[in-house]
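> got a predicted model here, sequence first, then my questions.
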Amino acid sequence: MASLQVSTFPTSSCRSSSNRVKAAIHVPKFSGVPFSAPNIPSKQLFEELKGFTHAIPLENKDTTTQSHNSSINSKAITQLYAILEAVADRIQMHHNMGEQRDNWNALLLNSINMITLTASTMAGVASISAATGAPVLALKLSSALLFSSVTGMSLIMNKIQPSQLAEEQRNATRLFKQLHTHIQTTIAIGNPTEKDVKDAMQKVLALDKAYPLPLLGAMLEKFPAKFEPAVWWPKSVSSRKSKFQSKSHEANKVNGWNEGLEMELREVIEVVKKKDVEDYERLGNLVLKINKTLAIAGPLLSGVAAVGSAFASQGSWGAIVPVMAGALAAAVNSFEHGCQVGMVVEMYRNCAGFFQLLENSIEDTIEEDVDQREDGDLLEMKLALKLGRSLSQMKELAKKSVYSRIEGTAIDEFASRLF
C-alpha cells in the first residue's frame, strides 16, 4: 500500500497548527500481465533471411521453366491431335478406294468375259448360217466389234490392275491404322516432343508416297523391270555416334542391352535376309513374270479373234479362229483377274517390304549409342511378336543360325511364322 501525507492549510475554524490531517490514497495492485519485449535479431537470423531473399528469384525461374516446358508439351500434343485427325481421314479414304477398286475388278472381269463369250457365240452362229446361205454380214461385224471392245477394255484393265490397286489400298489402310494407334500411344504416355511430331509427319508423307490415291500421273508401276519391295517408311537420319560396347557378363545390362541380346538380334536378322527376303523376292519375280505374260496374252487373243471374225470364210471351219481365240481370251482374263494375280504381286511386295523394314530398324538401333536406343527387352519382345515366335523360339533360331554358319550349311527354317 502506498501512503501520501498532505499538510492541511490553515482555516478560520481550525487555527491550531498542531493539528494534522492524514490522508491516505490506496492504489490497486496490478496483476502480472504476460508482456515480453521483442528479441533483437541475431546474426544467424539475418543470414537465414538473406538466403531466403536470394532463394525467391530462383524459385520463380524454375516455375517459368516449367511453364515453358508445359507450353511446349501442350503445343506438341495439339499438333499430334491434328495429325491424328488427318490420319483418321486417310484411313477412311483408303478404305473407300479399296472397296471401289475391288468392285472395278469384279465388274470389269464379268463384263469382259460376257462380251467375249457373246462375240464367240456370234462368230460361231455366223459361220453356221453362212453354210446355209443366210446373210451373216451383220453377225460378223457385230462379233468383230465386240472382240475389238474387249481388246480395248482388257488393255485398260491390265494396265491399271484393279486387284493390285485394291490390295494397295488395303495395305495403306492397315498401315495408317498402325500409325494412328502409335500416335495415340505417344499422347497417352505423355510428354511428347517436337521430334515426335516431326516423325509422325514424315511417316504420313511416306505412306502417301508409297500408296497414292490418284491413278493418273501418280499410280505405281504395275510391271516394273525388276521386282522391288514396297517402301512406306521415311529414310532414317539417326545420328550414329559409336558402336555399343557391352560387357561380357550376361547379368550386366545397360538399358536392357547386353552382348548376348545384340548377338541374338544380329543372327535373327541374318536369317531374315538369307531366307525370308530372298524367298519373297524369288516368288515376287516369278508372279510378276506370270502377270506380264497374262496381261499380254489376253488382249492379243481377243485381237486375233476380232480379225478372225471379220475375215472369217464360209463354212464351219471359218469360225475356228475367232471362237477358239475368244474362248482362250476369256480363260486368260478369268485366271489373271479372277485369281487376282496382281494382288498376289502386291502381297509379295508388302511382305518383302515388311522384312526390309524389320532389318533396317534393327540395324539402325544396334548402331545407335546405347543410351539412345529403345529398351532392349522391349525391342526383343516386339521382334518376337512380329515374327510370330516366342522369346525362347527366337533364341533357339539364333542358335541354329550360329551353328549353321559354323558348319557351313544353310538353315532349314524361315525367321517368320506369320507370312
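Perfect, thanks for sending it.
> and the spatially most central residue of the chain, what does it touch?
In the chain, the centroid-proximal residue (Cα atoms, centre = their mean) is L179; its distance is 3.2 Å. L179 makes contact with 87, 200, 203-204, 207 under the criterion Cβ atoms under 8 Å, 6 or more residues apart in numbering. Every residue, glycine included, has its C-beta placed from N, CA and C.
> so for it, what's the pLDDT?
Per-residue confidence (pLDDT) for L179: 96.
> can you tell me how far it sits from L220?
Distance from L179 to L220, counting by Cβ to Cβ, to the nearest Å: 20 Å.
> kindly report the same for L265.
32 Å.
> higher neighbour count, those two?
Ranked by neighbour count (other Cβ atoms under 10 Å), L265 and L220 place L265 first, with 21 against 16.
> hmm, that one is touching A384, no?
No - using Cβ atoms under 8 Å, L265 is not in contact with A384, being 10.6 Å away.
> what about the closest residue to I366 other than its chain neighbours, neighbour count?
Nearest residue to I366, sequence neighbours excluded (Cβ to Cβ, 6 or more residues apart in numbering): E262, at 6.1 Å. Neighbour count for E262, taken as other Cβ under 10 Å: 18.
> quick one: mean pLDDT for the strand or helix carrying E262?
Using DSSP states H and E, E262 sits in helix 259-271. Per-region confidence: helix 259-271 scores 91 on mean pLDDT.
> can you check stretch 116-125 too?
Mean predicted confidence for stretch 116-125 is 90.
> so what touches the host helix or strand of K159?
K159 belongs to helix 137-160 when assigned by DSSP H and E. The contact list for helix 137-160 (Cβ under 8 Å, 6+ apart) reads 108-109, 111-112, 115-116, 118-120, 122-123, 125-126, 129, 215, 219, 222, 294-295, 298-299, 302-303, 305-307, 309-310, 312, 322, 326, 329, 333, 336-337.
> just the buried ones from the residues you listed?
Listed as buried from these are 108-109, 112, 115-116, 118-120, 122-123, 126, 219, 222, 294-295, 298-299, 302-303, 305-306, 309-310, 312, 322, 326, 329, 333, 336-337; burial here means 16 or more other Cβ atoms under 10 Å.
> restricted to helices, list those residues.
Residues of the buried ones among the contacts of helix 137-160 located in helices (DSSP state H): 108-109, 112, 115-116, 118-120, 122-123, 126, 294-295, 298-299, 302-303, 305-306, 309-310, 322, 326, 329, 333.
> contacts only, for the closest residue to V150 other than its chain neighbours.
Distances taken as Cβ to Cβ, 6+ apart place S302 nearest to V150, at 4.5 Å, with adjacent residues excluded. Neighbouring residues of S302 by Cβ under 8 Å, 6+ apart: 116, 147, 150-151, 154, 325-326, 329.
> distance to L80 added to the residues you listed, as TSV?
What follows is the contacts of S302, written out as TSV (distance: Cβ to Cβ, whole Å):
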residue	distance to L80
T116	53
F147	57
V150	51
T151	52
S154	47
A325	59
G326	57
A329	53
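> which among those residues gets closest to K274?
S154 (40.1 Å; Cβ to Cβ).
> got any ranges where the stretch 201-350 of the chain has weak pLDDT?
Within the stretch 201-350 of the chain, the ranges that satisfy pLDDT under 70 run 236-253, 312-318.
> with the stretch 51-200 of the chain instead?
51-72, 130-135.
> do that again at 90, thanks
51-76, 122-141, 189-193 (pLDDT under 90).
> just say helix, strand or coil for W233.
Secondary structure state of W233, per DSSP: H, G, I helix; E, B strand; the rest coil, is coil.
> wait, it sits on K209?
No - judged on Cβ under 8 Å, W233 makes no contact with K209 at a distance of 10.5 Å.
> who has more neighbours, the two?
In terms of neighbours (other Cβ under 10 Å), W233 is the more surrounded of W233 and K209; the figures are 17 against 12.
> now L108. Nearest residue, chain neighbours left out?
L108 sits nearest to M157 (Cβ to Cβ, 6+ apart), 5.0 Å away.
> ok, the one you found to Q372 distance?
Taken as Cβ to Cβ, the span from M157 to Q372 is 50 Å.
> looking at these two, which one has more neighbours?
Comparing M157 with Q372 by other Cβ under 10 Å, the one with more neighbours is M157, at 24 against 12.
> ramachandran angles for W257?
phi -110, psi 150 (degrees, to the nearest 10).
> show me what it is bridged to.
Counting by DSSP bridges, W257 is bridged to V254.
> residues near it, how many?
With other Cβ under 10 Å as criterion, W257 counts 22.
> quick check: it touching R373?
Yes - counting by Cβ under 8 Å, W257 touches R373, with 6.5 Å between them.
> am I right that K275 is in a helix?
Yes - applying three-state DSSP, one finds K275 inside a helix.
> so what's it up against?
411, 413-415.
> quick one: buried ones out of these?
Buried among the contacts of K275 (16+ other Cβ under 10 Å): 411, 414-415.
> which of those fall within strands?
Among the buried ones among the contacts of K275, no member falls in strands (DSSP state E).
> nearest to K289 among these?
Of the buried ones among the contacts of K275, the one sitting nearest to K289 (Cβ to Cβ) turns out to be F414, at 23.0 Å.
> next one: phi and psi at the closest one?
Per degrees, to the nearest 10, the backbone of F414 is at phi -90, psi 160.
> chain neighbours aside, what residue packs nearest to it?
What sits nearest to F414 in space, not counting adjacent residues and going by Cβ to Cβ, 6+ apart, is K275, at 4.8 Å.
> where's that neighbour relative to Q393, distance?
When K275 is compared with Q393 (using Cβ to Cβ), they lie 15 Å apart.
> tell me which residues touch E264, please.
380, 394-395, 398.
> narrow those residues to those in strands?
Among the contacts of E264, the subset assigned to strands under DSSP E is empty.
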